[in-house]
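Student: mind folding the following:
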Amino acid sequence: MSNLLREKPWLIYIMLALATSSWGSAFIAGSFATQDLSPIVVAFFRFFFAAVILIPIMIFLDKGGRRPKGSEWFLMALLGLTGIALYNIAFFIATRDAPVVKSSLFIAANPVLITILSGLFLKEKIKGRHIAGLMIAISGAFIIITEGNVGKIIAQGFAPIDLILLLAVICWALYSVLGKVALQRFSSITSTTYAVVLGTLMLLPLAVFDSSFSTLGEASF
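Tutor: Below is the predicted model:
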């Protein structure tokens, strides 16, 4: 796969577009799902089914590939905790309770924090063009999301849900930085699969004890 991407770099942009589209659709699906079920239960089932799909794909595509050993399990557990369990609980709470304008802007700030953390912990060089690109991207997102009306954000002011949004941004940024470390040792499908499986196991006890889990059959979707 890596050789193919080097030979045909345009595939990277197609994959990025597909990933962004899929990620965006999660907002819509999440808003429907959280009408009947709690964010924890929605997060659990999202990644339970993802794990069911990813495990055979990993076995087929990365047969004989490297698997976690010793302290590497701690790295995978951190990936599961930050990017699967905590992030998605915060994400679905925000999907249910936060104004769309705020949640969209918080998510748009993700690349900024990822760049900063990568520079701090991975010693990646942050060049002027990186900063310029981030500023242009954030400015564009801000204009589109608010329709050029800054008053939309000011009028809403600070609310407790903003802390949940901040938690989501921090968790995703940490997951992204930890993911770069994992990809130095494992294939993308392997690191993703282990993160999803471990994150799902972390969500399981929370989902089981959630009151909406017992009323799953009564959901309207």
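
Student: and the closest residue to S187 other than its chain neighbours, how many neighbours?
Tutor: Using CB to CB, 6 or more residues apart in numbering and skipping the chain neighbours, the partner closest in space to S187 is D62 (4.9 Å). (Glycine included, C-beta is placed from N, CA and C.) Close neighbours of D62, defined as other CB atoms under 10 Å, add up to 17.

Student: OK, contacts around D62?
Tutor: Shown in contact with D62 (CB atoms under 8 Å, 6 or more residues apart in numbering): S187, I189, T190.

Student: what's it sitting at in phi/psi?
Tutor: The phi/psi pair for D62 (degrees, to the nearest 10) reads phi -120, psi 40.

Student: confidence score at it?
Tutor: According to the prediction, D62 has pLDDT 92.

Student: relative to I84, how far out is it?
Tutor: To I84, D62 is 19 Å away according to CB to CB, to the nearest Å.

Student: for the host helix or strand of F48, packing partners?
Tutor: Here F48 sits within helix 39-61, counting by DSSP states H and E. Other helices and strands packing on helix 39-61, by 3 or more CB pairs under 8 Å, 6 or more residues apart in numbering; DSSP states H and E, are helix 87-97, helix 188-208.

Student: next, the angle helix 188-208 makes with that helix.
Tutor: 150 degrees (axes from the mean of the first three to the mean of the last three CA atoms, to 10 degrees).

Student: do I have it right that L54 meets T192?
Tutor: Yes: counting by CB atoms under 8 Å, T192 is a contact partner of L54 at 6.6 Å.

Student: among the contacts of D62, which one has the most neighbours?
Tutor: Within the contacts of D62, T190 tops the neighbour count with 22 neighbours, counted by other CB under 10 Å.

Student: quick one: the strands in the chain, in order.
Tutor: In the chain, no segments count as strands under DSSP state E.

Student: I figured G199 hits L81, correct?
Tutor: Yes: contact between G199 and L81 holds when scored by CB under 8 Å: they sit 6.8 Å apart.

Student: one step back: tabulate the contacts of D62 in TSV, adding columns for pLDDT and distance to F44.
Tutor: Below are these laid out as TSV (pLDDT from 0 to 100; distance: CB to CB, whole Å):
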residue	pLDDT	distance to F44
S187	94	26
I189	94	22
T190	96	22
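
Student: buried sites along stretch 179-195?
Tutor: By neighbour count on 16 or more other CB atoms under 10 Å, the buried set for stretch 179-195 is G179, A182, F186, S187, I189, T190, S191, T192, T193, Y194, A195.

Student: wait, which of those residues is closest to A43?
Tutor: A195 (13.6 Å; CB to CB).

Student: ok, the closest residue to that closest one other than its chain neighbours - how many residues close by?
Tutor: In space, and not counting its chain neighbours, A195 is closest to L79: 3.7 Å by CB to CB, 6+ apart. Around L79 there are 24 other residues, counting by other CB under 10 Å.

Student: any idea how far Q184 is from L79?
Tutor: 13 Å.

Student: so how far is the helix holding F48 from its chain's centroid?
Tutor: In terms of CA atoms, centre = their mean, to the nearest Å, the centre of helix 39-61 is found 14 Å from the chain centre.
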